[in-house]
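# dropping the sequence and predicted coords here.
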Amino acid sequence: MNIRESETYLEHLAAAGMKPGLERMHILCERLGSPQNALNFIHVAGTNGKGSVCAFISSILTEAGYKVGRYTSPAVVEQRERFRINGRNVSQSAYCRNLEEVKAAADQIVFEGGEEPTLFEVETALAFMIFAEAGTDIVVMECGMGGAGDATNIIHAPAVSVITQISLDHTKYLGRTIDAIAREKSGIIKRGTHVVTVAQSAEAISVIKAKASLERADLAIADVSNAKNIKYGLKTSSFDYGKYKGLKISMAGLWQIENACLALTAIEALKKVRIRIEETAIREGLLKTAWPGRFEIISKNPYVIVDGAHNENAARQLADTVEYFFHKEEEAGKLIYIFGVLGDKNYPAIAEYMAPHAAHVITVTPSNPRALPAQELAETVKKYNEMVTVASSVDEALEMAYLLADKDSVIIAFGSLSFLGDVRRVVDSREVFLKKKKIGV
């Protein structure tokens with residue numbers, strides 16, 4: 001199997017959509033020899049912040065000298081970035097070789113009259129295969145959208161279970177209340193394990209505490225209000241948390257302090273299961289953590305920032321961060337937004353948080369079967385800001401944004417992660433062109 005054949009196969013699976021239940025996943029992994037049983041896990045569920053928390057934990061463990069696998073979703077630039085070992089994408093050969101083996105097992109199941117595994121189930125089994133083959137010491141595994149019924153939840157008891165901030169998202173599948181969603185997310189808590197979470201709403205924390213008690217799991221709660229001496233910056237932010245003074249992170253976004261505190265609480269839990277992690281590894285790991293598409297500055301003059309704020313809570317956090325860092329630019333320059341979202345998201349709430357303070361909003365249709373048409377999104381945005389333009393493509397949206405921008409402008413592309421890779425591609429191509437033009441090539 002080559003990379004093009006792998007893409008064709010995954011596109012075939014994507015067309016079938018999502019299906020509930022763990023039975024298919026159990027059957028598939030049994031056919032593959034249950035590779036997950038050879039691995040040690042940190043299991044991460046939640047609504048917002050999962051990817052960032054996984055990145056912080058993985059970076060710290062890598063600095064501590066461990067061989068760390070990391071499985072996250074969705075991809076921003078390319079599919080292989082979802083499967084990382086010590087911060088690097090797995091090789092194309094390892095990816096294709098293991099996917100071919102997973103496909104063979106899935107095809108045999110179908111040939112025998114069984115149900116074909118879903119896209120996420122195949123990808124999760126692929127992660128198990130890749131990390132088992134590589135001999136990783138520990139795997140940081142992010143749930144998909146759920147918890148109890150998530151394909152990742154066939155793993156044995158992890159070293160630590162982590163539950164990030166819970167809010168309303170994927171309500172069609174997880175339930176329409178915080179209580180229902182928290183029950184699904186807390187389904188990753190296994191008997192006698194260590195569990196860490198953040199300060200949550202009363203409904204969410206009540207459910208998590210009840211599940212931890214039922215499973216006799218040790219629960220620790222990270223509370224960002226205990227972070228002191230916080231200094232936010234676009235390059236680095238610093239803070240104190242508990243016994244750690246003067247910690248620094250390179251990930252911008254006001255919410256990343258909370259994610260870092262949760263990661264630190266997870267690290268302390270890992271120490272209780274005799275995983276050795278020195279303070280120097282914690283400091284270096286936090287500082288070196290990077291994660292695509294999370295208030296990521298991909299260009300300057302003007303600033304171009306990408307962020308995967310795709311639900312109400314994430315939009316509120318993004319709006320707060322934009323106001324904190326760029327309120328002066330809003331007065332002297334322009335905030336220009338490129339906004340694209342999937343149709344099953346609460347896009348009116350995202351628009352309400354983000355649109356009012358923009359000089360201009362450009363809407364796009366992400367490359368995703370569930371995408372909301374740009375014209376329909378524009379009609380919603382107009383309720384909060386009349387300066388809206390519909391773009392036919394990401395290329396056209398960036399062209400418009402650059403024409404509207406001056407040196408003090410800030411261009412922010414946000415919403416679905418599924419179009420942020422295209423934003424990066426267009427921006428990178430433009431910068432290469434400008435460099436060549438500057439040197440007369």
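Yep, that arrived.
# CA only for contacts and neighbour counts going forward, please
Will do.
# now do the most centrally placed residue in the chain, the pLDDT please.
For the chain, the residue nearest the mean C-alpha position is residue 51 (3.5 Å; C-alpha atoms, centre = their mean). The per-residue pLDDT reported for residue 51 equals 92.
# same check, this time on residue 78
Listed pLDDT for residue 78 reads 85.
# which stretches of the protein have low pLDDT?
169-173, 328-333, 432-441 (pLDDT under 70).
# can you list the domain ranges for it.
3-288, 296-438 (automatic domain parsing).
# OK, contacts around the closest residue to residue 2 other than its chain neighbours?
Sequence neighbours aside, residue 96 is the residue nearest to residue 2 in space, at 6.1 Å (criterion: C-alpha to C-alpha, 6 or more residues apart in numbering). By C-alpha atoms under 8 Å, 6 or more residues apart in numbering, the residues touching residue 96 are 1, 2, 3, 6.
# from these, list the buried ones, please.
Among the contacts of residue 96, those buried by neighbour count (16 or more other C-alpha atoms under 10 Å) are 1, 6.
# just the contacts of residue 96: which are in helices?
Judged by DSSP state H, helices contain the following of the contacts of residue 96: 3, 6.
# in CSV, list the contacts of residue 96 along with distance to residue 304.
Shown next, in CSV, are the contacts of residue 96 (distance: C-alpha to C-alpha, whole Å):
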residue, distance to residue 304
1, 37
2, 34
3, 30
6, 32
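# now, which of the contacts of residue 96 sits nearest residue 92?
residue 3 (7.3 Å; C-alpha to C-alpha).
# isn't that closest one right up against residue 91?
No - the pair residue 3 and residue 91 fails to qualify as a contact (C-alpha atoms under 8 Å) at a distance of 11.0 Å.
# touching both of those two, which residues are there?
Common neighbours of residue 3 and residue 91 (C-alpha under 8 Å, 6+ apart) do not exist.
# on the three-state scheme, the residue nearest to residue 2 is what?
For residue 96, the assignment made with DSSP: H, G, I helix; E, B strand; the rest coil gives helix.
# against residue 142, how distant is it?
Between residue 96 and residue 142 the computed distance is 21 Å (C-alpha to C-alpha, to the nearest Å).
# from the chain's centre, how far out does stretch 31-41 sit?
24 Å (C-alpha atoms, centre = their mean, to the nearest Å).
# list the contacts of stretch 295-302.
Under C-alpha under 8 Å, 6+ apart, the answer for stretch 295-302 is 251-253, 303-308, 318, 405-411, 424, 427.
# if you set the cut-off to 7 Å instead, what comes out?
252, 253, 303, 304, 305, 306, 307, 406, 407, 408, 409, 410 (C-alpha atoms under 7 Å, 6 or more residues apart in numbering).
# of those, buried ones?
Buried, going by 16+ other C-alpha under 10 Å: 252, 253, 303, 304, 305, 306, 307, 408, 409, 410, out of the contacts of stretch 295-302.
# got a list of contacts for stretch 133-140?
Under C-alpha under 7 Å, 6+ apart, the answer for stretch 133-140 is 39-43, 54, 58, 66-71.
# that one: which residues count as buried?
Buried, per 16+ other C-alpha under 10 Å, within stretch 133-140: 136, 137, 138, 139, 140.
# so which of the residues you listed belong to strands?
With DSSP state E as the criterion, strands contain 138, 139, 140 from among the buried residues of stretch 133-140.
# and the first one, how far is that from residue 90?
When C-alpha to C-alpha is the yardstick, residue 138 and residue 90 sit 15 Å from each other.
# again, but for the second one
As for residue 139, its distance to residue 90 is 14 Å (criterion: C-alpha to C-alpha).
# anything in contact with each of these two?
By C-alpha under 7 Å, 6+ apart, no residue touches both residue 139 and residue 90.
# list the contacts for residue 109?
By C-alpha under 7 Å, 6+ apart, the residues touching residue 109 are 115, 116.
# mind checking which helix or strand it is in?
helix 92-111 (DSSP states H and E).
# tell me the angle the next helix or strand after that helix makes with helix 92-111.
The first helix or strand that comes after helix 92-111 along the chain, using DSSP H and E, is helix 119-134. In terms of direction (axes from the mean of the first three to the mean of the last three C-alpha atoms, to 10 degrees), helix 119-134 departs from helix 92-111 by 130 degrees.
# give the buried residues for helix 119-134.
119-132.
# thinking residue 164 is in contact with residue 52, fair?
No - counting by C-alpha atoms under 7 Å, residue 164 stays clear of residue 52, with 9.9 Å between them.
# more neighbours, these two?
The residue with more neighbours, out of residue 164 and residue 52, is residue 164; 26 against 22, by other C-alpha atoms under 10 Å.
# grab the nearest non-local neighbour of that one.
residue 46 (4.5 Å).
# who are the contact partners of that neighbour?
The neighbours of residue 46, taking C-alpha under 7 Å, 6+ apart as the test, are 163, 164, 165, 166, 185.
# which residues does the third one form beta bridges with?
Spelled out, that is residue 165. Under the criterion DSSP bridges, residue 165 forms beta bridges with residue 48.
# would you quantify the distance from it to residue 58?
Taking C-alpha to C-alpha, one finds residue 165 at 19 Å from residue 58.
# next one: the second one
Residue 164 sits 16 Å away from residue 58, going by C-alpha to C-alpha.
# now do the helices in the stretch 301-441 of the chain.
Taking DSSP state H, counting those that start in this stretch as the test, the helices found in the stretch 301-441 of the chain are 312-332, 347-354, 374-381, 394-404, 420-438.
# ok, and what's touching the helix or strand hosting residue 52?
Assigned by DSSP H and E, residue 52 belongs to helix 50-63. With contact meaning C-alpha under 7 Å, 6+ apart, helix 50-63 is reached by 44, 68, 70, 72, 86, 140, 142, 164, 259-260, 263, 281-282, 284-286, 288-289, 291.
# from these, which would you call buried?
Buried members of those, scored by 16+ other C-alpha under 10 Å, are 44, 68, 70, 72, 86, 140, 142, 164, 259-260, 263, 281-282, 284-286, 288-289, 291.
# what number of residues lie near the closest residue to residue 381 other than its chain neighbours?
Nearest residue to residue 381, sequence neighbours excluded (C-alpha to C-alpha, 6+ apart): residue 351, at 5.6 Å. Residue 351: 23 surrounding residues under other C-alpha under 10 Å.
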